[in-house]
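1. would you be able to build a 3D model of this:
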Amino acid sequence: MKILLVTQYFWPETFIINDLVKTLVAQGHEVQVFTGKPNYPEGKIFTGYTSHGCYQELYANHVPVFRAPLRPRGRGPIKLVLNYLSFVCNGIRFFPKALQREGAPYDVIFVFAPSPILSVLPAILLKWKTKTHLAVWVQDLWPESLRATGFVSNGFVLWCIGILVRAIYACSDTLLIQSRAFKASMMRYADAKKIVYYPNCYAQDASEAAGKTEVPAELLAFMEQSFCLVFAGNLGTAQSLETLVDAATRLKHLPACKFIIVGTGSMSAWLEAQKVALGLDNMHLVGRFPSYEMPQFFSRAAGLLVTLKKSDIFCLTIPSKLQAYLAAGRPIIAALDGEGARIVEEAGAGLCCAAEDGAGLARTIEKLFRMPASERTQLGVSGRRYFSANFDMDNQGRRLVEILEERIAQDREVDR
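-> Okay, here's the model as predicted:
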């Protein structure tokens with residue numbers, strides 16, 4: 001299959017789409033990428049790139065990547081909106097020209113669509129020009145997520161965004177959803193026949209944890225000597241870091257129990273201030289590391305932490321880190337509601353409490369702390385088994401092609 005991938009986010013930014021592209025190529029498919037200039041998450045254009053001008057390169061030695069100009073996201077809501085709009089405008093301007101140079105037709109245009117859903121707009125233009133099937137992998141629900149995060153609160157603006165979302169979905173042929181719970185919400189804006197469940201997946205190299213690492217040796221040694229709970233990922237408002245701080249405060253009576261926070265984000269400074277103000281010697285903020293370093297942390301963790309704010313939209317969402325946690329084969333401690341909690345419980349992979357329940361999280365962590373090692377091991381084994389059955393990248397790569405081939409075949413039947 002020949003696939004044209006349109007995405008605002010791509011390597012060297014760290015997103016699951018990078019590994020999925022590698023997997024599809026390894027399975028014999030041809031992929032071309034249309035994207036922007038890398039600048040996530042710090043909001044600055046990566047070294048070696050400039051915000052202006054188009055750029056072409058190869059990813060993983062085989063995948064052609066065309067990059068349109070992009071205004072970096074910077075800091076603050078206005079700059080973020082301008083970043084979103086620059087991808088749309090420059091994609092509409094430059095992607096059709098790049099497509100003409102490629103010549104050979106594609107079997108499918110595939111959009112990786114975390115926020116913003118606006119990133120689908122350049123792909124819709126390409127669909128109209130080429131009469132090619134358009135499949136969108138929806139990672140976030142708009143306008144619900146905008147309302148839930150407080151990014152947009154004006155009712156009229158949200159209504160207008162809802163109209164735009166309805167139009168984008170109408171122009172798409174297949175809507176892939178990362179959570180089954182998305183379906184009911186999306187049916188308010190899209191034909192149910194277009195919606196197909198296709199979860200996020202994770203690629204794990206068995207040799208990852210054994211290779212060279214830039215993680216400080218003293219940090220790794222510290223983790224090996226302590227009962228460490230690892231929280232890895234973005235440190236933003238959605239992650240309910242207040243719940244982590246509350247739990248850490250309540251667990252000061254267990255000095256052997258440590259919180260290792262790996263990542264950066266908009267709440268990093270607040271978290272640093274809380275650590276100092278509350279004397280949280282049991283919380284260690286180690287900063288951001290590349291995704292390939294995560295096995296160094298996961299393999300030494302007694303448990304892996306995932307938290308989200310209490311919100312209707314987050315009840316529907318599967319946190320992106322959950323698949324990596326399951327693959328790591330370590331117990332998961334989750335302060336979640338809804339679909340994420342359901343998966344942890346269905347997998348038998350860990351212990352759950354309600355979102356934003358710091359006291360419940362502390363009790364759950366202490367339960368894991370006092371649990372026999374054999375029981376903790378069994379939680380990890382169960383999680384790993386569930387991952388292999390549901391989220392393994394190789395299996396999901398083949399599943400994606402099956403879905404797309406089936407949907408394209410249905411298009412052809414309708415056209416006859």
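2. which SSE is immediately downstream of the helix or strand of the chain at the bottom of the mean pLDDT ranking?
-> Least confident helix or strand, the chain: helix 144-149 with a mean of 78, by mean pLDDT, DSSP states H and E. As assigned by DSSP states H and E, the chain's next helix or strand after helix 144-149 is helix 155-171.
3. so how far is that following helix off the chain centroid?
-> Taking the mean of its C-alpha atoms, helix 155-171 sits 23 Å from the chain's own mean (C-alpha atoms, centre = their mean, to the nearest Å).
4. which residues touch residue 111?
-> Residues near residue 111 by C-beta atoms under 8 Å, 6 or more residues apart in numbering: 5-7, 119-120, 123, 134-137, 172. All C-beta atoms are positioned from the backbone trio N, CA, C, and that covers glycine.
5. of those, select the buried ones using a ChimeraX command.
-> This is the ChimeraX syntax for the buried subset of the contacts of residue 111, where burial follows 16 or more other C-beta atoms under 10 Å:
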select :5,6,7,119,120,123,134,135,136,137,172
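6. list just the nearest of the contacts of residue 111 to residue 365.
-> Checking the contacts of residue 111 against residue 365 with C-beta to C-beta, the nearest one is residue 137 at 33.9 Å.
7. let me see the domain layout of this protein.
-> With domains defined by automatic domain parsing, the chain comprises 2-201+392-415, 208-390.
8. find the residue at the geometric middle of this structure.
-> residue 320 (4.1 Å; C-alpha atoms, centre = their mean).
9. that one contacts residue 14, doesn't it?
-> No - Residue 320 is beyond contact range of residue 14, at 10.5 Å (criterion: C-beta atoms under 8 Å).
10. strands along the stretch 151-300 of the chain, start to end?
-> With DSSP state E, counting those that start in this stretch, the ranges of strands along the stretch 151-300 of the chain come out as 174-177, 195-197, 227-232, 257-262, 283-287.
11. strand partners of the second one, parallel vs antiparallel please.
-> According to DSSP bridges, strand 195-197 forms sheet pairs with strand 174-177 (parallel).
12. max-length helix in this structure?
-> helix 77-102 (DSSP state H).
13. related to what we said a few turns ago, for the least confident helix or strand of the chain, packing partners?
-> The contact analysis (3 or more C-beta pairs under 8 Å, 6 or more residues apart in numbering; DSSP states H and E) places helix 144-149 against helix 155-171, helix 312-316.
14. which one of those helices lies nearest to residue 55?
-> helix 155-171 (26.7 Å).
15. residues touching the closest one, excluding its own?
-> 117-118, 120-121, 124, 127, 134, 136, 142-143, 146-147, 152, 175, 186, 189-191, 194.
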